[in-house]
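Colleague: What would the 3D arrangement of this be:
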Amino acid sequence: MSDHPGTTVPSSAAWQPPSARERLALMRRTRTVAMVGASTNPARPSYFVASYLRSSSPFEVYFVNPRATELLGQPVYPSLAALPVVPDMVDVFRRADDLPEVLADAVAVGARAVWFQLGLWREDVARDAEAAGLDVVMDRCLKIEHARFHGGLHLAGFDTGVISSRRTLR
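Modeller: Numbers count the residues shown, from 1 in each chain. Predicted structure coming up:
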């Protein structure tokens, strides 16, 4: 089982997800994030995550979707190769069947990490990513994890404004 409520990591899993400390370290060394599968539909999770990352995170965020041209006032690029920068992290909102192709594109552009959103779990892709030298996170939301480590997430999923004496992970 994973340490994320509601997420089930198969007990026979050969690939082990990064710990909370490792995920925090990954986020701390990330400056640029490319969101593959970013949607212009406000009802889609990727739109909400895009909005949060642009307004509440230190990341420089780029959007990738071949069917869109603009999102939240920013250009949307048709592919990772079309980005004006090499992203540190590729945050993926695509079907599990698309992950090998997304990984190949991430490796080709020189990304250092792939982050597969909630519901995406492909051990073969994770092993391939690690073999290519990339950090891998699967079945987690970058927005939730960022908020979790930066005081913006309560058990109910929102910032309560309560100041806590809990120490942050280092």
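Colleague: my read: residue 103 touches residue 116, true?
Modeller: No: look at residue 103 against residue 116 with CB atoms under 8 Å: they stay out of range, at 9.3 Å. Bear in mind the C-beta positions are built from the backbone N, C-alpha and C, glycine included.
Colleague: For the two, list the residues in contact with both.
Modeller: residue 125 (CB atoms under 8 Å, 6 or more residues apart in numbering).
Colleague: Do a quick rundown of the strands in this structure.
Modeller: With strands called from DSSP state E, the chain shows them at 32-36, 60-64, 70-71, 74-77, 89-92, 113-116, 135-137.
Colleague: show me what contacts residue 87?
Modeller: 32, 33, 34, 62, 80, 109, 111 are the contacts of residue 87 under CB under 8 Å, 6+ apart.
Colleague: which pair in those residues spans the largest distance?
Modeller: Using CB to CB, the pair of the contacts of residue 87 lying farthest apart is 33 and 109, separated by 13.1 Å.
Colleague: If you count surrounding residues, which of these two has more?
Modeller: Set side by side, residue 33 and residue 109 show more neighbours around residue 33, with 24 against 16, by other CB atoms under 10 Å.
Colleague: pLDDT score for the more buried one?
Modeller: Confidence at residue 33, expressed as pLDDT, is 97.
Colleague: That one: what's it in contact with?
Modeller: Contacts of residue 33 by CB under 8 Å, 6+ apart are 53, 59, 60, 61, 62, 87, 88, 89, 90, 91, 142.
Colleague: From the residues you listed, pick the one nearest residue 148.
Modeller: Minimum distance to residue 148 across the contacts of residue 33 is 10.5 Å, recorded for residue 142 (CB to CB).
Colleague: What's the local residue count around the closest one?
Modeller: If you count neighbours by other CB under 10 Å, residue 142 ends up with 27.
Colleague: So it is in contact with residue 115, correct?
Modeller: Yes: the pair residue 142 and residue 115 qualifies as a contact (CB under 8 Å) at a distance of 5.4 Å.
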